[in-house]
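Chemist: Kindly generate the corresponding structure for this input.
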Amino acid sequence: MSRFKEISALRKAGQLQEALAEAQAWLAAEPDNIWAKRAISWVYYDYLKGHVEKGDFDEVCNQLENIESLQLPEDEEMVFEKIAFSLGKFFFHMAKDEGASNAYPLFKKIKALPFPKPSEAYSYLLKAMHKAFKEAPQYQEVIEWLGIENLRPADFREGEYKGKRTMSLGEQVLIAYAKKLLPSKADIAFGHGVDTESIQKLIAFLKVKTEKYPELTFLPYFEAKLMLAAHQEGDALKAILPFVRRKQGEFWAWQVLAETLEEDPEAQIACYAKALQCKADDGFLVNIRVKLAERLIEKEQFAEAKYEIGRAVEARHGKGWRIPKKLDDWQRAAWYRDAQEVGNNKPLYAQYADLADELLFQDIPPQLGIVTFVNRQKRMSGFMVSKSVSGIFKWRQLQGKAKIGQTIALRLIERQGKEGVWYQVVGVKVVDAKPPKTLVRKFSGELYKRPGWEFGLVDGVFVPPQLIRKHQLSTGDQVAGSAMISYDRKKSEWGLAAFELGTAAAPKRSSNSEPGEALGGYF
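Modeler: Next comes the predicted model:
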């Protein structure tokens, strides 16, 4: 039997003192023999493991010093994996003991050890140290030593505890690390510097992970918060929008979106209004009410501001919290005393609902289309972007007045319904641009109208009865105008239908109706 196996046999039989004595004698005789170093490293590990079980911090440190003194090469992975598992167990014990003060000294003892990474053992050690240090001031130092780049794909899978799904280790660590990097109000107030270099590195890392693991829904939130801290407002907006769409029922998601829109007071009001429509304890909404009140005061909407201030004060009283000087000053102001009392701000919230929706989808590229019909009774209009993309929108969504044939820019979301695909309009406005050539073209020619027909034809272009009656047209009249593509359901084919006639139409008598109203709900 080889000397290494003899020592291993003693160790496994529980005869650690004998194994240690034999290993020390071998190492003293052959200090550069890697097998002698391996043999004694396993003895030190067994001692370490026993002291971890007993919770003997001093002896654990002694064994770590012994192991470090061997200067084992990094490729001795097996023993260092075992050491990582044992140390992880020790850190978990410390995490449960809120009064433990040895976690940081132990961290300093292990910094020089070449743990294999990434590895299952290293992830276990990382998880334990995350729990032990997540509330400690040294958390950033610890995580940066461990290295977030050593998180494995397996570390980004959700876990389970007592039948409930739990957040993945990777997401927990990245969120906690981001929180440590984000400057606090006290940091800002006292002018403490922001760790821009670490923030930038984490932002870059989060971009990669959010693309690779889109199911980790909270990472974009912290990515955006970090970008705001680094004054990258434009990038923060791009990062936060997909997150807010997924979490639009949570008030704090709208609050972060508002933070990215500091230069747009109206947009911020829309975000705060949407946040206040989310279900949440009134205590959580206090700061949002204050921020909304600030914007409303700027607009001199004092009645609405008074309502939000009153609700904020009421909530703080209910929680036993002090009333900040700002709220107290507002309530003493003349405008507050003179402002009308309102029962609620629901009309205000409703007023900004469409703007909030448009903000939520502002990263969706707009598409050019045209208005295809106007329904005054239902206050809605149709639109068309292409032969395969069309639908309706409500007038309150439109920034401008809807007229048939008008060029509009739309932001659309494709939805799947019972009858197939349909398109939800999440943003629409009139634009000063020519309509797409695929949808609208000019035409001119002689009108053909058979006896009994209420409609007419000009070189294959359908002229609807509304335009015939409006311009008192007859067969042989010279007609010029604009036509849009239109689907003939009876013939199951596409054609062109006039929606506007120009001066060449030579109308026989004037009309007070607008050209854009001519087709009504025809298409």
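Chemist: Helices along the stretch 201-350 of the chain, start to end?
Modeler: 219-229, 233-246, 251-259, 265-275, 286-298, 302-319, 325-332, 334-338, 346-351 (DSSP state H, counting those that start in this stretch).
Chemist: Mind telling me which of those the model trusts least?
Modeler: If you rank the helices of the stretch 201-350 of the chain by mean pLDDT, helix 233-246 sits at the bottom with a mean of 84.
Chemist: Counting by contacts, list what it packs against.
Modeler: helix 219-229, helix 251-259, helix 353-360 (3 or more CB pairs under 8 Å, 6 or more residues apart in numbering; DSSP states H and E). (Glycine included, C-beta is placed from N, CA and C.)
Chemist: CSV please, covering the ones you listed and showing distance to residue 445.
Modeler: Putting the helices and strands packed on helix 233-246 into CSV (distance: least, CB to CB, whole Å) gives the following:
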stretch, distance to residue 445
helix 219-229, 56
helix 251-259, 53
helix 353-360, 42
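Chemist: Below-threshold pLDDT in the chain: ranges please.
Modeler: Counting by pLDDT under 70, the ranges of the chain that qualify are 1, 98-100, 185-193, 399-400, 503-523.
Chemist: circling back to that earlier point, wait, which of the helices and strands packed on helix 233-246 is closest to residue 326?
Modeler: helix 251-259 (17.8 Å; CB to CB).
Chemist: Give me the contact list for that closest one.
Modeler: 221, 224-225, 228, 237, 240-241, 243-244, 247-248, 267-268, 271-272, 274-276, 278, 280, 284-285, 287-288, 291, 356, 359-360 (CB atoms under 8 Å, 6 or more residues apart in numbering).
Chemist: at 7 Å what do you get?
Modeler: If you take CB atoms under 7 Å, 6 or more residues apart in numbering as the criterion, helix 251-259 is touched by 221, 224-225, 228, 240, 243-244, 247, 268, 271-272, 274-275, 278, 280, 284-285, 288, 359.
Chemist: Now the phi/psi pair for residue 370, please.
Modeler: The phi/psi pair for residue 370 (degrees, to the nearest 10) reads phi -130, psi 160.
Chemist: so how far is residue 413 from it?
Modeler: 19 Å (CB to CB, to the nearest Å).
Chemist: now swap in residue 278 and tell me
Modeler: 21 Å.
Chemist: Among those two, which residue is more densely surrounded?
Modeler: residue 278 (18 against 13; other CB atoms under 10 Å).
Chemist: these two touch, right, the more buried one and residue 249?
Modeler: Yes. Shown here, residue 278 and residue 249 form a contact pair, counting by CB atoms under 7 Å, at 5.7 Å.
Chemist: Wasn't residue 426 part of a strand?
Modeler: Yes. Under DSSP: H, G, I helix; E, B strand; the rest coil, residue 426 falls within a strand.
Chemist: ok, the nearest residue to it once chain neighbours are set aside - contacts?
Modeler: Leaving aside its chain neighbours, residue 426 sits nearest to residue 361 (4.0 Å; criterion: CB to CB, 6 or more residues apart in numbering). Shown in contact with residue 361 (CB under 7 Å, 6+ apart): 411, 413, 426, 427.
Chemist: which residues does the last one contact?
Modeler: Residues in contact with residue 427 (CB under 7 Å, 6+ apart) are 358, 361, 410, 411.
Chemist: Could you provide these in CSV, with additional columns for distance to residue 386?
Modeler: Output for those, formatted as CSV (distance: CB to CB, whole Å):
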residue, distance to residue 386
358, 22
361, 20
410, 12
411, 15
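Chemist: which one of those is nearest residue 39?
Modeler: Closest to residue 39, out of all of the contacts of residue 427 and judged by CB to CB, is residue 361, at 65.7 Å.
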